[in-house]
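Colleague: need a 3D model of the following:
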Amino acid sequence: MTHCRERTEESLALENNWKLVESQSFHDAVSWLLNGVLFPVCAMEKTSCNLSCTPQLPREIWYTLLHVRSVEETMKVTNDAINRKYLEVLRHKSGVMSCIALDADFMRAHFGREAGVKDYIDVSHETLNPIVHGFSMRDFVPALKFETEIVGRDGDTVTERMTLDTAIGEKYFEVSHSANTHIRLGEAHVAPVETKDDFAIFDWYCDVVRQNNWSAFKRAAEDTRALYGNAVILSMFLTPPFELLYFTRRENIIYLYHDHPEEYRKAMEAVNKAYEVLVGIGAENGVQMIGYGAPGGTEFTSPSMWKDAIVPSSRALEAAAKKAGLYTQFHCCGKITKIIEDGYLNEIKPSLYETFSPPPAGDVIEPARLRHILDRDIVIRGNIDLGLLRDGSVGDVLAAAERLLSEVRGYPHILGASDSCLWPGTSLDNIVALGRRYNSP
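Modeller: Numbers count the residues shown, from 1 in each chain. Take a look at the predicted model:
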């Protein structure tokens with residue numbers, strides 16, 4: 001597995017000091033640095049990713065951890081105001097801010113003082129800008145732990161198998177990849193759900209979640225809030241019901257949906273029953289936001305699939321979250337225009353929708369018209385083109401932001417990238433310019 005940036009003396013020092021950090025009482029609270037914040041980049045080999053892989057913490061926090069000191073006060077000073085602003089936009093459905101980047105010096109500390117981003121980075125959490133502590137609930141369910149083993153080698157290619165012991169037998173992912181790259185489950189050539197009979201795994205999943213002892217999660221949530229106070233937004237990401245816990249190969253979603261419609265519908269219902277439990281557990285322990293979404297726009301799914309499957313399953317999750325008093329964040333990158341025009345996002349009505357992407361990532365070319373179609377209470381996040389962030393000047397980026405905000409004037413908007421990633425070569429100056437322009441006190 002490659003690290004997210006070149007290993008410098010600072011990153012090596014931080015990695016060497018991790019054993020010291022690990023022994024501290026706040027280990028559980030900061031363990032999220034290795035768990036989930038880079039999902040799926042570091043999802044399968046969590047402990048092999050050093051702390052320098054997380055371009056999310058402000059520079060002071062990074063160096064505080066480097067010297068093994070408490071992060072409590074600097075977290076509060078740096079992020080409390082930003083988090084308040086983020087939550088205020090969601091709460092009052094008004095205002096403008098940027099969720100791209102934090103501080104120029106911090107970014108340069110991670111990526112090099114003269115260079116931009118050196119590697120593809122999944123920033124599905126980093127782009128939030130406020131420190132969002134995203135719990136992966138699977139980490140607190142022993143029965144959902146995959147056992148990983150290498151089952152084949154061919155030159156530089158390694159084949160790994162991630163096995164789950166279920167009530168219907170062992171189910172596994174099998175992934176072949178270069179020994180020098182990270183694992184992406186989306187590239188699996190075998191997945192737990194391949195046939196009609198495999199759908200029984202979702203009833204088992206629901207039973208496991210219901211029967212699980214959630215005391216470990218309760219302690220983790222309490223420790224996190226005690227450590228960081230209001231400097232973090234507690235969140236939990238739930239795999240979109242339509243994507244069946246990511247237990248399928250991505251291309252098989254379409255085949256399985258059309259070949260086994262009744263089993264697919266029942267699987268989504270089982271997943272949502274489990275999610276009702278998870279939402280309740282989260283709400284009882286201070287979680288403020290639920291993140292989920294859809295596998296794509298009309299480049300991957302049809303409007304009829306949204307009408308018959310994605311909308312009903314998403315509405316069920318929305319109802320559970322809102323009953324518990326939680327915000328929801330719905331991610332759908334890609335071609336979304338037809339989905340907005342047909343009213344499907346309004347039927348789901350998340351607190352926040354992202355990414356409202358222009359070409360080439362998406363097809364939003366009339367943001368004002370689409371914004372008027374969307375329900376006034378849906379906050380939009382995103383729309384800044386990834387290519388512009390990489391290749392444009394600071395002036396170009398700020399001009400694009402101003403054009404967008406003039407198009408959506410009068411509606412709440414959080415500026416963000418057109419997808420949850422940063423391309424190699426992205427300019428640090430462009431990344432931080434939006435935060436400095438729109439997040440200043």
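
Colleague: let me know the secondary structure of Pro295.
Modeller: In three-state terms, and counting by DSSP: H, G, I helix; E, B strand; the rest coil, Pro295 is coil.

Colleague: any idea of the mean pLDDT in the one helix or strand Lys171 maps to?
Modeller: In the assignment (DSSP states H and E), Lys171 maps to strand 169-178. Strand 169-178 shows an average pLDDT of 88 in the prediction.

Colleague: what residues sit buried inside it?
Modeller: Neighbour counts over strand 169-178 (16 or more other Cβ atoms under 10 Å) mark Lys171, Tyr172, Phe173, Val175, Ser176, His177 as buried. No exception for glycine: its C-beta is placed from N, CA and C like everyone else's.

Colleague: would you check that the first one makes contact with Pro192?
Modeller: By that I understand Lys171. Yes. Between Lys171 and Pro192 there is a contact at 3.5 Å, judged by Cβ atoms under 8 Å.

Colleague: who touches both of the two?
Modeller: Taking Cβ atoms under 8 Å, 6 or more residues apart in numbering as the criterion, Lys171 and Pro192 both touch Leu164, Asp198, Ile201, Phe247.

Colleague: tell me which residues are up against the host helix or strand of Lys273.
Modeller: Element membership of Lys273 [criterion: DSSP H and E] is helix 261-284. Applying Cβ under 8 Å, 6+ apart, the contact partners of helix 261-284 are 135, 137, 196, 199, 202-203, 205-206, 209-210, 214, 217-218, 234, 236, 238-239, 241-242, 244-245, 256-257, 290, 309, 313, 316-317, 320-321, 324-326.

Colleague: quick one, strands of the stretch 101-250 of the chain?
Modeller: Along the stretch 101-250 of the chain, counting by DSSP state E, counting those that start in this stretch, strands occupy 121-122, 132-135, 147-154, 157-166, 169-178, 233-237.

Colleague: Ala221: how many residues sit nearby?
Modeller: Ala221 is flanked by 23 other residues according to other Cβ atoms under 10 Å.

Colleague: re earlier: including distance to Ser357, could the shared contacts of Lys171 and Pro192 go into TSV?
Modeller: Below are the shared contacts of Lys171 and Pro192 laid out as TSV (distance: Cβ to Cβ, whole Å):
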residue	distance to Ser357
Leu164	34
Asp198	33
Ile201	33
Phe247	27
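
Colleague: can you give me the strands in the stretch 251-400 of the chain?
Modeller: Using DSSP E, counting those that start in this stretch, strands in the stretch 251-400 of the chain cover 289-293, 327-331, 352-355, 379-384.

Colleague: could you dump those into CSV with distance to Ala188 and mean pLDDT added?
Modeller: Converted to CSV, the strands of the stretch 251-400 of the chain look like this (distance: least, Cβ to Cβ, whole Å; pLDDT from 0 to 100):
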stretch, distance to Ala188, mean pLDDT
strand 289-293, 20, 91
strand 327-331, 21, 91
strand 352-355, 25, 89
strand 379-384, 28, 87
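
Colleague: can you lay out the ones you listed as JSON lines showing mean neighbour count and distance to Glu251?
Modeller: Shown next, in JSON lines, are the strands of the stretch 251-400 of the chain (neighbours: other Cβ atoms under 10 Å; distance: least, Cβ to Cβ, whole Å):
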{"stretch": "strand 289-293", "mean neighbour count": "24", "distance to Glu251": "18"}
{"stretch": "strand 327-331", "mean neighbour count": "22", "distance to Glu251": "20"}
{"stretch": "strand 352-355", "mean neighbour count": "25", "distance to Glu251": "22"}
{"stretch": "strand 379-384", "mean neighbour count": "26", "distance to Glu251": "26"}
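
Colleague: distance to Tyr411 for the ones you listed - can I get that in TSV?
Modeller: Listed next are the strands of the stretch 251-400 of the chain as TSV, based on distance: least, Cβ to Cβ, whole Å:
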stretch	distance to Tyr411
strand 289-293	20
strand 327-331	16
strand 352-355	12
strand 379-384	7
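
Colleague: give me the neighbour count for the nearest residue to Ala221 once chain neighbours are set aside.
Modeller: Residue nearest to Ala221 in three dimensions, not counting chain neighbours: Asn285, with 3.9 Å by Cβ to Cβ, 6 or more residues apart in numbering. Using other Cβ under 10 Å, Asn285 has 19 other residues around it.
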